[in-house]
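**Q** coords below, sequence missing:
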C-alpha cells in the first residue's frame, strides 16, 4: 500500500495501535544530496592494448563460458586473436591492476584460448550488410594491411591487397618463427579475413609486378609495407660469405629453404629479430650461439620474457659490446672483433651512441654471422608526391597521408615494431579511409573513439557511440576494493622443456584449457565495468538497488544517497554525483 | 466442590478453572502460595499451561504481555515491590489493550521492609488503566478471578484481583470450587480481535503521533466506563450460574444510617460484625463495601449515599500529602452533589496492623460525635 | 555470478523506512528476515529499530512486529513464544531484535533469565556500540576510549567493551555467534542455523551507525568489514559455552585504519592506538586458544 492513511473520524481509529499500511508512501529519495549512478570506466588493459581489444569484455564472457561470444567481441576490433594470443608483448598484462594485488591476469593466454577454441569450428562466409561501390587498394598483407582490409570489408568496401611475397602475412609469415606462431594459426586467421570478401594478390610487388599507376583506379590506397630492409653494420667484412641479415635468414627458413647456420653462430643485435634469429639458429643445429648487442642487458629492446627463453635455450647474451670488424678465412667468415662500450646520449637522429671502453677488445669465432640491428621501411616504390620524413611515410594519428587519398600504417609510418601496434594502426586507417570516402573527418570523431589516453581506438565506439561519457577515466588500482578478492596466483602455462625444443620448431607454449581459462578469467577485477556481482544490491540499506536483466538500476524514489553502493562496488563502476535540485 | 482452602489457593483454582494458558510469575511473600499451587497444578497436568519461572516481576509482566498479544490467556500474581517493579508495564498492558489478569496480594512497600497487609501497592497503580477488584473473602477471590477474565476480554483492559496479605491470602475459609463444565459455559476460550498473526502481519504499538494519541486514550477511557455495565452484566450472569454475585459496591444495613462506614478488603468482614452490634443497640450505622476501585463506581456510590450525612472511610493506605486514597476518590465522586455526606477519613491498619473491632468502633464513635472531622486525615490506631 | 543469488528472493523489509542514510542495522534486519522467512514474529524493544520500523499506522516490515518496553526484549519474547505454543503454533519463529543498550545494560537481566531457562527463540543484538536512538550516549558495549555524548573527548570511556559473548557462553546456551553487517552471507547462515536449533540462540551483530560513529555514510559497510579484518570484532560461534569455532582468521591488519576512519576515535593519540592494538591482539590470542 503506497498511500498515506488519514483518520477523519473517531470510529476510524482502531483501539489498538495496529498498523494498517506500509511505509512505501515515504519517498526517502528526498533526503538525498548525493546521487549514485552506474557508470562504465575504462579498464587499464583496454587502454593499453594497441590493437584496441575489449579485454575486460572478453574476460567477462570467458567467466560465463561464452567462448564464441568472446571471440566475436575480439573480432569486432582485432582480426588476429590467435596471433596476438601467441606473439604480443602484452602491454595489457603490464598495466593490469591485478599485478599490484598479486599477479597480472594471463590475458594473452586467455586470448589464445578463445582463438584456438574457435579454430575447431566451421568457418562461415559473411556477407556484409552493405555493399559499397568504392574499392580500396592495400599494399602489404602484414598485420597493418590485413587489419585495415578486414575492417574496410566489414564496412562493405571492396578491398584488394597487394602482397609482394608468395604468401600473405608480412612479418607474421616471414619474421616470426614457427615456435612462437604456428603458421596454421596464421593461415586460419588470414582466411577468416578473406571470408569477408578481401582479395589478396600474392607475388604482386608494387613497382615490379604491378605499376603504382595501376592503383590509381582505387578510391583510396593504404600503404602498409612494413619495415623489411635490414640496417647495415657498416663494418669491415660485412659482405663476406656467411654474413646474412636477420630478416633474410628468417625469411629463408619460413619459405621452406634449407638453412644451415653451422655450429658457431654470432648474432649481432639485441631486439626481437635478433632473439628470433638466435633461437631459430639453435633449432637448426647451431651448438654455440652468442648474441652480442650494443645495449646493456636491461635496455635490450627484445621482450624480457624472450630474452629469458633465449638464455634458457643455452644462447649466450653478451650485452654492451660493439662490433669492430669481421675477419675472414678462405673468403668465409671466421672471426669477429668486438669492444665493450657504454651507451652515451643518443645521436641527434635518434640512433644509438656507443662509447667504446679502451682496452676491452675481445673476439669470437663464428661459422655464420647474422645481423639484426634494426629494420627500416623500403619506400622506393612510392611516387614522389607521397610525403616521407626521416625514412617513414609521413602520416597523422589516424593514418592520413599527403596527398589526398593515400593512407599509411604499421612499421611503414612509425617504428611500432609490434604486431599490436600495427593492428591498431591498420584499424585507425580503415576508419580514416571510411571517413574520407563518406566526405567528413573531424578531430572530434577521433577524440570520441579513444579508449583511455594512450592512443588506442575502438571501432565499436565509432559505430555505436556510448551514451554519456565517451572516454571515461581509467580505473587505477587504488579504485579497486581488494577486500572482495582472494589472493590467487595466475594460472601456470606449460612450456616445452629445453630437450623437447632442440631441433624442433614446435610451438613452445601450450595453450590453456577451457576450465583453466575460466578460472583465470575469474581473477579479473573487471575494472570499471559492472559484472553483476550483486554487491550494490546486497548492501543497499534502503532496497533502492533493483535488479534489472542481469544488471541493476537505482530506484531514486527511495535512494537516500548514502553511497554504500559506490564504496562497495569492487570495481569502481558506480559514480556519486551531487544531487541537482 | 466445597472445601476449606487458603485464600491464595482459591486464586490458584480460579486460575486453573479459567484455563489460563501462560503463567509468568516471580515469587514474593505473600503471593508465593498462589504460584506454588499453580506450579503443582501445571506439573500434574490439571492445568495444562506454560509456567514461565521468570527472573523478576518486570519480566513476568513482559512475558504476560507477549503471551496475551499472541492470543493466549495470561495470568500473573505479585505484591508490593513486585507490582511496583511492574509499574511501567502495567501502563503498557492496558495501553496495548491486553486482557491480562493479575492477582495482587496487598502488601506494604519498603522502605523500611514490611511484608504485611497494606493497600498502597495496588493503589499506587490506580492510574495504570487496570480494573481493580478488592476481595473480602476467599470465595470472592476465586469468583472474581473467573469474572475478571470475562470482563477483561470484553473491554480489552487488564484486571487486578486484590487480596489482603495474610488476612486473606494465608487464612483458610470454606470455598465452593465450581465445576469445570459450568465454568466453561461461563468463560469460553479467548478469541482476540487483535492479535499477532504471521498470516496477517501487523505492527503493534509503533510511535503514535499527537494527532491520534488523544483518541486512543479516549477510547480507553470509554472502555473503562463501559466496564461498569460489563462488570454488572457478568456478575449477574455469574450469580445466575453459580449463585453468587458481588456487584461493584455493597450496601449493608445502610437504610437511614447516620453514619456509613466505608471499607474495602477483609476489614469489611470485621466491620459487618461491628455494624450488627451497633444495630442491635439501636444505632443507625451502615456499611458500604467498595469492591470495584477501577472503574470507580461513582454513580452507584452517589446513589447509595444520597441522604447520608456522614461517612467514615477506613483506608489501609496513605497517599502522602493528601491522605487516604479511597476517601479521596469518594470525595471526588461526591463533590458536585447538592446533598453530600461529610467525609471522615481514617488511616488504619498500615503495614499489617490489625484493624480490630475496637478500632472500628472508635472510628464510628468519633464520627458520631463530631459534626465534621477535626483534621483531614485521622489516625485512630496511632500510638500517641 | 552474483553472490546475491545465494539468498532467497523475497524481501520482508520495504523501502521508505526511517533509518538514517547508511544505517547498518537495516542491512542486518534484511538478511535476518531473508533467513527466517515470513513465519516470524519480531519482538522489538526501544532502540533505533523502534523508529525505523515506521510510525503508526504504518510498518516497514512484512512480518508481525511487536513493540515492547526497553528492557523486555527477552522477557516479552519468552511470553510470545510460550503463547504461540499454547495456542497450537510451534513452528513460528520468535525473533527478539534488540540494540546494545537493550541487551548489554537495561535488558541484561531479562536476557540472562531467558538464556538460563533456555527459552526457545532467537535473540539478535544489533550492536552500534552506544545508545544511538537517544543521541549517542555510552553503553557498556561502547569500546575502550570511544567518544560518545556522555564520554566526551576529555573523558572518553575508560572501561573495555563488555564481553556479551562470554556472558552468553557462561549460560551454556546451545548457540551463540557474532556477525557483522559487512558479511551478510555469514549472518544469514548463522540465523538459518539458529532457526534449526531448539533452545536459546544469541547472535551479536556489529552494526555501523554513521552518525554515531561520526563516519561518512558511504564507509558504513567498510567500517563493519574492517572491524572484522582487524580482529576487533572477530566472527565466531560458541556452542553450549564450550565449543568455539572461529569463522574467519584474517591476516594481520592494523587497527589504525579502522580507528582513523571514524570521527568517534579522532581524539586518539598514537600511544592509545598502540594500547588498543595490544588489547585486540591479546583478546584474539585468548579466542584462538579457546577455539583449539
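**A** That came in fine, so what should we check first? On a predicted model such as this, the values are computed, not experimentally measured, just so you know. Residues are numbered from 1 along each chain as shown, chains lettered A, B, ... in the order given.

**Q** give me the helices and strands touching the helix or strand where residue A:152 lies, please.
**A** Using DSSP states H and E, residue A:152 maps to helix A:143-154. When contacts are defined as 3 or more Cβ pairs under 8 Å, 6 or more residues apart in numbering or on different chains; DSSP states H and E, helix A:143-154 sits against strand A:135-139, strand A:158-162, helix A:183-194, strand A:220-223, helix A:419-438. In short, each C-beta sits where N, CA and C put it, glycine included.

**Q** now the helices: where do they sit in the stretch 251-400 of chain A?
**A** Along the stretch 251-400 of chain A, the segments classed as helices by DSSP state H, counting those that start in this stretch run A:272-283, A:304-312.

**Q** how far does the helix holding residue A:152 sit from its chain's centre?
**A** Mean-position distance between helix A:143-154 and its chain equals 15 Å (Cα atoms, centre = their mean, to the nearest Å).

**Q** what parts of chain B come near chain A?
**A** B:96-97, B:156, B:194, B:202-206, B:208, B:212, B:215-216, B:218-220, B:223 (Cβ under 8 Å from any Cβ of the partner chain).

**Q** tell me which of the residues you listed fall in helices.
**A** Of these, the ones assigned to helices by DSSP state H are B:212, B:215, B:216, B:218, B:219, B:220, B:223.

**Q** so the closest residue to chain A within the stretch 151-292 of chain C, which of the three states?
**A** Taking Cβ to the nearest Cβ, chain A has its nearest neighbour within the stretch 151-292 of chain C at residue C:218, 3.0 Å off. Using DSSP: H, G, I helix; E, B strand; the rest coil, the structure places residue C:218 in helix.

**Q** over to the one 4 residues further on?
**A** The three-state label for residue C:222, taken from three-state DSSP, comes out as helix.

**Q** circling back to that earlier point, out of the helices of the stretch 251-400 of chain A, nearest to chain C?
**A** Smallest distance to chain C across the helices of the stretch 251-400 of chain A (Cβ to the nearest Cβ): 31.2 Å, for helix A:304-312.

**Q** buried residues, the closest one. List them.
**A** By 16 or more other Cβ atoms under 10 Å in any protein chain shown, the buried positions in helix A:304-312 come out as A:306, A:307, A:309, A:310.

**Q** wait, the second one sits on residue A:319?
**A** Okay, so that is residue A:307. No - between residue A:307 and residue A:319 there is no contact under Cβ atoms under 8 Å: 9.7 Å.

**Q** okay, the nearest residue to residue A:567 once chain neighbours are set aside: pLDDT?
**A** Spatial nearest neighbour of residue A:567, excluding adjacent residues (Cβ to Cβ, 6 or more residues apart in numbering or on different chains): residue C:218 at 4.3 Å. Turning to residue C:218, the model gives it a pLDDT of 97.

**Q** and residue C:218, what does it touch?
**A** With contact set as Cβ atoms under 8 Å, 6 or more residues apart in numbering or on different chains, residue C:218 has these partners: A:562, A:563, A:564, A:566, A:567, A:576, C:22.

**Q** how about 10 Å then?
**A** A:34, A:36, A:561-568, A:576, C:21-22, C:210 (Cβ atoms under 10 Å, 6 or more residues apart in numbering or on different chains).

**Q** so residue A:336 is in contact with residue A:326, correct?
**A** Yes - with contact defined as Cβ atoms under 10 Å, residue A:336 and residue A:326 form a contacting pair (5.2 Å).

**Q** what's the overlap in contacts for these two?
**A** With Cβ under 10 Å, 6+ apart as the test, residue A:336 and residue A:326 both reach A:235, A:237, A:243, A:266, A:268, A:366, A:369.

**Q** TSV for those residues, including pLDDT?
**A** Listed next are these as TSV, based on pLDDT from 0 to 100:
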residue	pLDDT
A:235	88
A:237	86
A:243	91
A:266	94
A:268	94
A:366	91
A:369	93
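
**Q** quick revisit: show me whatever sits in contact with both of residue A:307 and residue A:319.
**A** What both residue A:307 and residue A:319 touch, as defined by Cβ under 10 Å, 6+ apart, is the set A:270, A:291, A:297, A:298, A:300.

**Q** determine which two of the residues you listed are furthest apart.
**A** A:291 and A:298 (15.2 Å; Cβ to Cβ).

**Q** the two: which has the busier surroundings?
**A** residue A:291 (28 against 8; other Cβ atoms under 10 Å in any protein chain shown).

**Q** the domain parsing of chain A - what is it?
**A** Taking automatic domain parsing as the domain assignment, the ranges for chain A are A:27-122+A:472-581, A:135-228+A:377-441, A:258-371.

**Q** over to residue C:245. Which of the three states is it?
**A** With three-state DSSP as the criterion, residue C:245 reads strand.

**Q** quick one: which of the contacts of residue C:218 is nearest to chain B?
**A** Among these, and counting by Cβ to the nearest Cβ, the member closest to chain B is residue C:21, at 19.8 Å.

**Q** what's the spacing between the closest one and residue A:564?
**A** 9 Å (Cβ to Cβ, to the nearest Å).

**Q** quick check, the residue in the stretch 51-200 of chain A closest to chain C?
**A** residue A:63 (6.8 Å).

**Q** and the angle for the helix holding residue A:152 with strand A:158-162?
**A** If you take axes from the mean of the first three to the mean of the last three Cα atoms, to 10 degrees, helix A:143-154 sits at 160 degrees to strand A:158-162.

**Q** helix A:143-154 vs helix A:419-438, what angle?
**A** 40 degrees.

**Q** what's the local residue count around residue 222?
**A** Unless you meant another one, I'm taking chain A. Residue A:222: 30 neighbours (other Cβ under 10 Å).

**Q** was after chain C, sorry
**A** Residues near residue C:222, counting by other Cβ under 10 Å: 22.
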